[in-house]
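K.L.:
The following comprises the amino acid sequence and a computationally predicted model.
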Amino acid sequence: MEIKSINAEVLQKMFIAGAKNLEAKKEWINELNVFPVPDGDTGTNMTMTIMSAAKEVGGIADPTMENISKAISSGSLRGARGNSGVILSQLFRGFTREIKKYDEIDVEVLSKACVRAVETAYKAVMKPKEGTILTVAKGMSDKACELFTESDDLVYVIDEIIKHGDYVLSQTPEMLPVLKQAGVVDSGGQGLMTVLKGAYDAFLGKEIDYTLEDVVKPSVSISTEDIPMDEADIKFGYCTEFIINLKEPLSDNEEQNFKGFLESIGDSIVLVADDEIVKVHVHTNQPGEAFTRALTYGSLSRMKVDNMREEHHERLIKNAEKLAEQQKEEAKKAEEPRKPYGFIAVSVGEGLDEIFKGLNVDRIISGGQTMNPSTEDILNAVEEINADNIYVLPNNKNIILAAQQAESLVEDKNVIVIPSKTIPQGIAAMIGFIPDNSAEDNKEAMIESMSYIKTGELTYAVRDTVIDDKEIKEGNIMGIGDSGILSVGEEIDATAVEMVKEMQDDESEIVSIYYGAEVTEEDANALSEKIAEALPDVEVEVYPGGQPIYYYIISVE
């Protein structure tokens, strides 16, 4: 079989097939995460990015190269999540900028589009790192240019490009030592290859289901507003919700056993399962035990832990009343004069949200390592703030690119991304803001304030591995610093103290402990005393963070 061109109708099918192939294999890609933490999310981020575009592409009744290109570019751009998702969207953006000028894609157009895709993606990353999705994309672009003069048969050319992409992907551990040590290839590169292989199958005419459904089906959505609650009846204090992305469908027996386990640790249980995901809601005093048991069935996403006693009165407000109040507030703000400065922060826990609100942050975007907000989430928050200059604090290195992409799309406001990689950096940046300074001076001051902060996060390992010459066993407690693993142990407090010792130096003055949803205030205070004993020259402060997954987020300054 020989095919010399791709028209818009075929391209539409290829893109949807690539998106669906990635969606089907996203958990496998998530498992390639180098750090063995319970939040590997490359596959999820890339899937949500491409599915945002696929829904637009699938809705085109009369496809042309121009409208397909626009749908791919705009859909992926606004839906981009995480570094891998943003880079994928930039590859699509460059590719479609080239192909939209033609009625069909032949080998020459394909090679030009590949080159432009790589150029666009590399420009979007401030410090491109080899051994990543960028390297895989560049390898395939170089191969496309090489084959341009060799053959005009797209069947042969695309097959050779994919084979070369697989080879470059296999070499990524040799380019990034951390990949080699963990025994994995780059997860973003694997995601890109998964998209291309799905698209190639459609190009060859293989039978594929092109039906697009929501990534999270409406049939498994749960509103906690519908669950009645009286304050006197709050036996279990934490409203815990999450989604399990199943490794394989639950059997009836497994589903009943899981329900039985949830009943043993809580009440108000709602569990809805299909072949791919399980949506769980439970009131419990041990949210961590629910997470741990759920991880035996697959990976977790959309985790939320709320303290019901603190939020009781808000939960009793009727939906109509809340909506009316919101509309009233929006109308009031619309009448107010535009203020000079506004602030957006990405946060991941109830206590951390309150800290940012206390520092005059206007909008909190729920997200973080377990669920990266999209470019569109950030754009929506920007639109809601009536200010000339709006500072965005991503507070996670995997959200910075999405924030910068949002920054480039806003025209009527001056959006300034402060590249905070951790929650403590974001807090320090807000403290460094001075209202009387200019927007640019404040940007410099906020970034400088962050530079004095070292951050460590304490969580548990979900698999055996070796990182930074440290042997890690499944279930071990890990202290993860700004540049790698700082401590590994079997006890939370001992591992935390060791982590802080690694972070501190002669100039360290303050240690701030933000304790998570699974940690009591008493336990956090006990850890504070141990750190103060180990480091008598520093002041130790304790704050409720409420974050899931991480027992503690600790900063040293």
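P.N.:
Nice, I can see it.
K.L.:
Distance from the chain centre to stretch 359-376, please.
P.N.:
Between the centre of stretch 359-376 and the centre of its chain there are 10 Å (CA atoms, centre = their mean, to the nearest Å).
K.L.:
Then stretch 455-462?
P.N.:
Distance of stretch 455-462 from its chain centroid, counting by CA atoms, centre = their mean, is 17 Å.
K.L.:
Quick one: residues in contact with it.
P.N.:
For stretch 455-462, contacts defined as CB atoms under 8 Å, 6 or more residues apart in numbering pick out 36-38, 295, 421-425, 472-482, 486, 488, 492, 495-496, 499-500, 502-503, 549-556. Any C-beta I mention is one placed from the backbone N, CA and C, and that applies to glycine too.
K.L.:
Kindly recompute the last result at 7 Å.
P.N.:
Here stretch 455-462 makes contact (CB atoms under 7 Å, 6 or more residues apart in numbering) with 36-38, 295, 422, 424-425, 472-482, 486, 492, 495-496, 499-500, 503, 549-555.
K.L.:
Of those, just the buried ones, PyMOL syntax please.
P.N.:
Those of these that count as buried under 16 or more other CB atoms under 10 Å are selected in PyMOL with:
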select buried, resi 36+37+38+422+424+425+472+476+477+478+479+480+481+486+492+495+496+499+500+503+549+550+551+552+553+554+555
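K.L.:
which ones are touching Lys112?
P.N.:
Applying CB under 7 Å, 6+ apart, the residues near Lys112 are Glu98.
K.L.:
and it, which of the three is it?
P.N.:
Here Lys112 is recorded as helix under DSSP: H, G, I helix; E, B strand; the rest coil.
K.L.:
that older thread, which of the contacts of stretch 455-462 fall in strands?
P.N.:
Members of the contacts of stretch 455-462 lying in strands (criterion: DSSP state E): 472, 477-481, 486, 552-555.
K.L.:
Quick one: which of these has the lowest pLDDT value?
P.N.:
On pLDDT alone, Ile472 ranks lowest of these, at 89.
K.L.:
Centroid-nearest residue for this protein?
P.N.:
Nearest to the mean C-alpha position of the chain, counting by CA atoms, centre = their mean, stands Asn372 at 2.5 Å.
K.L.:
ok, that one touching Asn83?
P.N.:
No: the criterion here is CB atoms under 7 Å, and Asn372 misses it with Asn83 at 8.7 Å.
K.L.:
what helices or strands is the helix or strand harbouring Ile161 leaning on?
P.N.:
Using DSSP states H and E, the element containing Ile161 is helix 154-175. Judged by 3 or more CB pairs under 7 Å, 6 or more residues apart in numbering; DSSP states H and E, helix 154-175 is in contact with helix 133-147, helix 177-182, helix 187-203.
K.L.:
Comparing the ones you listed, which comes out most buried?
P.N.:
Among these, the stretch with the highest mean neighbour count (mean count of other CB atoms under 10 Å) is helix 187-203, at a mean of 24.
K.L.:
name the helices or strands packed onto that helix?
P.N.:
Judged by 3+ CB pairs under 7 Å, 6+ apart, helix 187-203 is in contact with helix 8-24, helix 26-30, helix 42-58, helix 82-99, helix 133-147, helix 154-175.
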